[in-house]
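# I need the structure of the sequence given here:
(2 chains)
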Amino acid sequence: MRFVDVLNVLSKSSPYAVSTERKDAISAELDAVKKYLYIETEIQKNFENHLKTLSTTAKKIIFLCGSSGDGKSEILTQYASKFSHKATFHLDATHSFEPDESAISTLDKVFADYQRSEKALVVGINVGMMGNYVEEGSDENVCDAIANYLDSKESTSEYVFLNFEDYPKFNLTSTGHSSDFVKAILQRITKYEDNIVRQYFDKERASHDGNKLLCTNYQLLSIPQVQDRIVDVLFKARLIKDQFLTARTLLDFVHTLLSPEGYLFDNMFNASDNEISSKIVDFDPADVRTENVDKFLLSTSLGLYDKRFEEFTSYLSSELGIRQSKNSHSYLRLFYLLGEAEIANNYHKDFLEDFDEPLLDKYAKVWNLHTHFVGGKEEKKELKSFYKETIFAAIHTYINRNAKSIAKGKFLISSHNGYQIMTEVDMEPDFTAIQHAPPTSTSSFVANISIEGKSVSMPVNINLLNMMNRIIGGYRPNKHDKNTIVILDDFADHIAAIASSKDKLTIVKDGLTMSLRYDDDEIEVSGV
Amino acid sequence: MFKLKSELKPQNNKLTSFFPINTKDRKGIFDWDIVLGHFVKYAYRKSVASNQFEQFKLKCKEDFESKLDEPQFWQHLEKMYFSGDELYKISPELLLFKAQDIKGSSANKRLGDLFLNLLQDHHLQKSPSLSLNFLEKELVETFNSFTVSGSKAGTVSKAPTEVPYLPFLRELFIEDLDFIASKPKYFIENITDFLKLYAFLYTAQLTLNLSEWRAGVPTAKPCYFILDTEKASDERSYVKSYGYRQLAKNFDKVFPYLAMNESLQDSAAVKQPLWSITSLEHTQGALDALNAYAVEFKEERKLEIELKEASSVADAVDNLLALFYAQFGRSETRHDVNVNFCKAIESELCGHFVQSRGRAGRVLVFNQDYILLLTNIVIGKRDRLRLHELLKEFEARGIFFDKQTQKVLVEFYERIGNVERMSDSGDAVYVRKTV
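I've put the predicted structure just below:
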């Protein structure tokens, strides 16, 4: 068997991409590869515990929920026969028994059977299907339980919900982010000892007609720093593009990376029919524009190679089999992927700063400050400076975008026929609210602000954080930025509402500044 | 109850009920600010006596001068709030000043009445509580001393003159209005678009339901739209068959059918919709009267079409509808009247929702602002809706999207960031409102 066929196990179009209760093996060798690649996850352990503790006295339904490709069927098939004496397994909720039956009516039947039977029930189900069942299903108890779960994420003793989304695939720490899930899979594929995949790779490389490109890609993928970069990019796709990361899409993504159609670094940023690839095209490092990068592009396109670069590329071609090419964009992608790796004269490290991504780090940092805030003095200080320098500054610039120079702390509330009405508004981070905020997923945190003593909260995701940074940098949002601007507008409305109740107003018109003070039904005017 | 006029005689075609357009209407007949003024009067059951704007301004001047330690500041206040439309941004109720009966603006009143007839006895209990600064609070307080209010229809404003033609749309209109009124700032910014949207939905659904009168109470009929950012191709069968063309084909029935309906009823009575005529069934007297009316009408108008003897009220009504329709036929002298009427419907009530798209011809479209408004009002008091349910709510209002548009719609929601996905399944898409 050739290496390329072995790697096909990863592809979403391979028969191995979907687990079913099949009896005959497709190929003993491929079965072994697939078995090797399988990684036991936390959710599986919990699931197993639930199965083990099933008792005949307390019947229950266990819902294993997730997206398609998360590995529901994979887990269910593993346990179906082992626990068949204790529970009935319904592997796929979108599946129906008869051609004229809908998935909903099949589920109705499954739940009705459960009511009559003594055994517990295990259902593999997509979250979307659960919503459909609540709408159209006929078993009221089940509908209520599901509706309750969808609202509050709570399981009961009779209805247990295990959801892949509750086992985050990325972790945010104060120093950055990581993904045990992605790392584990990449390591399993590329590790040096006891690795079936690598055995096929060694054979391929030794063979006289071996697929060189494939081998190069596999070697690149084996570099730990490259794996870190891949985790980075996937995390960006999750946070910025809201991309779901499931076992199947990830494996298929690795498959497209290794594809012998091109080098790994090009495969990565070329849209293929993989969902993830189509999202990360936008993160192409070849689109980075810095002086350093531009210089590199200019000189390579003119054929003016510097010596270190030539050294570097000749090393790449002799050690990794990467042919020298004229495509400077591809080189930029390669430099990006290699990241901190030590290779030859480390020419690629010249560009580390250009590929720096402060946004991800900043997001990780403030996300952590919010989620793990217990009132410590140091954290308080950091939070305070984040609110002041980022949130308040951005809001101030945004709200006052139509007013010429406006003093710090003052906000434009409204303007009428050229008169601008503004007032002073006091804003502080609301530490108590931050401390007692319910936990959020990695995709956002909640900024809590006290405006004139009134508490206001604002959900912040990475895109909003990015927008706030750009606004501070002088960017004027336009109507195509509606997404994040809706949140800012909403917040601006809060400020305007609170600010208008103040009894001091400043009115500016053509350089004339008038102050008004409302006091006991009298209005004091100054500056007319 | 549908009651026939005691004496049915062929007369001039007249249409004053169920539709705000008149045969003399051409282009640009509606001034939406004035329409809005009428609407505010009906919705809040408040009114100001006519021509009091100057008095109001004087009173404001007086009030402020007594409170200001520097009375000359009034001139700035006057410039700030009393020129242009600034005053109306403070509170929609101030628009009452615009709802004055000015000669030659009957079209605005007719459109205002359309909304009154949708509202019927319903009205908004609370004035919008806006967050106003102390200057604006003064203005609103002074304004309140100028208004008269009354909660029953017919006290401050006049009583509705017709029974709702589209009861399903009326219910949704009230539900949506109550929601939008609960968000004062959003209300002020979007109320005109909201009314334009409903005026159009009413037009579309009335048109589509006219010939279905035999089925009784109208229901939301399929009417397909695309988003204005989308390409329209000729292959989209729903958009093609149940979109603009279907609607435009039926425009020429509006005037004849409704005029026929009106001719059967006493001019002083509260008008009943055409579909409720089924409640007349089985009375011999009614059947005879309708048959005789048809014969006389045919003679009076010198129409060439053949009349089948009607044995039921419904058949007799069909005869009459055919006659009324035929009097605007291609070779008739009245032909142009109805052609212009159709043109006015399209340009005045449907303008914002019709676009020409090359080879695909004209299509019904929703732009970003309208789709966002629609999404917000449809989600209403709830926090979020599943995409599936959202589409059902659209359809209840007579707005249908084919699969292709649904996809573009989700992309649009994703771009503005009000989508929550629970899993990768298309069913697990939740849409949040943005107000």
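# now residue A:269: how far from chain B?
Using C-beta to the nearest C-beta, to the nearest Å, residue A:269 is found at 22 Å from chain B. The way it works is simple: take the backbone N, C-alpha and C, and place the C-beta from them, glycine included.
# that residue - how many residues pack around it?
Neighbourhood size, residue A:269 [other C-beta atoms under 10 Å in any protein chain shown]: 22.
# kindly report the same for residue A:347.
20.
# what strand or helix carries the nearest residue to it once chain neighbours are set aside?
Leaving out its chain neighbours, the residue that sits closest to residue A:347 by C-beta to C-beta, 6 or more residues apart in numbering or on different chains is residue A:312, at 3.8 Å. Element membership of residue A:312 [criterion: DSSP states H and E] is helix A:307-315.
# using PDB, write out every CA atom in the helix or strand following that helix.
Later in the chain than helix A:307-315, the nearest helix or strand by DSSP H and E is helix A:328-338. What follows is helix A:328-338, C-alpha atoms only, in PDB (Å, rounded to 0.1, in the frame of the first residue of the first chain):
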ATOM      1  CA  SER A 328       7.900  34.900  -3.400                       C
ATOM      2  CA  HIS A 329       4.400  34.600  -2.000                       C
ATOM      3  CA  SER A 330       4.900  30.900  -1.400                       C
ATOM      4  CA  TYR A 331       8.100  31.700   0.400                       C
ATOM      5  CA  LEU A 332       6.300  34.100   2.700                       C
ATOM      6  CA  ARG A 333       3.800  31.400   3.600                       C
ATOM      7  CA  LEU A 334       6.600  29.100   4.300                       C
ATOM      8  CA  PHE A 335       8.400  31.600   6.500                       C
ATOM      9  CA  TYR A 336       5.200  32.100   8.400                       C
ATOM     10  CA  LEU A 337       4.600  28.400   9.000                       C
ATOM     11  CA  LEU A 338       8.100  27.700  10.100                       C
END
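# where does pLDDT dip in chain A?
For chain A, the stretches with pLDDT under 70 are A:21-25, A:479-484.
# middle-most residue in it, spatially?
residue A:238 (1.9 Å; C-alpha atoms, centre = their mean).
# tell me the contacts of it?
Residues in contact with residue A:238 (C-beta atoms under 8 Å, 6 or more residues apart in numbering or on different chains) are A:169-170, A:244-245, A:442-443.
# that older thread, can you list the buried residues in the helix holding residue A:312?
For helix A:307-315, a neighbour-count test (16 or more other C-beta atoms under 10 Å in any protein chain shown) marks A:309, A:312-313 as buried.
# same question, stretch A:295-306
Buried residues in stretch A:295-306, counted by 16+ other C-beta under 10 Å: A:296-297, A:300.
# what's the answer for stretch A:147-159, then?
For stretch A:147-159, the neighbour count (16+ other C-beta under 10 Å) marks A:148-150, A:155, A:159 as buried.
# stretch A:276-292 now?
Within stretch A:276-292, the residues that count as buried by 16+ other C-beta under 10 Å are A:276-277, A:279-280, A:283, A:285-286, A:288.
# tabulate the contacts of residue A:238 in CSV, adding columns for distance to chain B and neighbour count.
Listed next are the contacts of residue A:238 as CSV, based on distance: C-beta to the nearest C-beta, whole Å; neighbours: other C-beta atoms under 10 Å in any protein chain shown:
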residue, distance to chain B, neighbour count
A:169, 13, 22
A:170, 16, 20
A:244, 5, 23
A:245, 10, 24
A:442, 14, 20
A:443, 10, 17
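# my read is that the residue nearest to residue A:347 contacts residue A:350, right?
No: taking contacts as C-beta atoms under 8 Å, residue A:312 lies outside contact range of residue A:350: 9.8 Å.
# tell me where the stretch 151-300 of chain B has helices.
Applying DSSP state H, counting those that start in this stretch to the stretch 151-300 of chain B gives helices spanning B:167-181, B:184-210, B:237-241, B:244-263, B:284-301.
# I appreciate the help and will end here.
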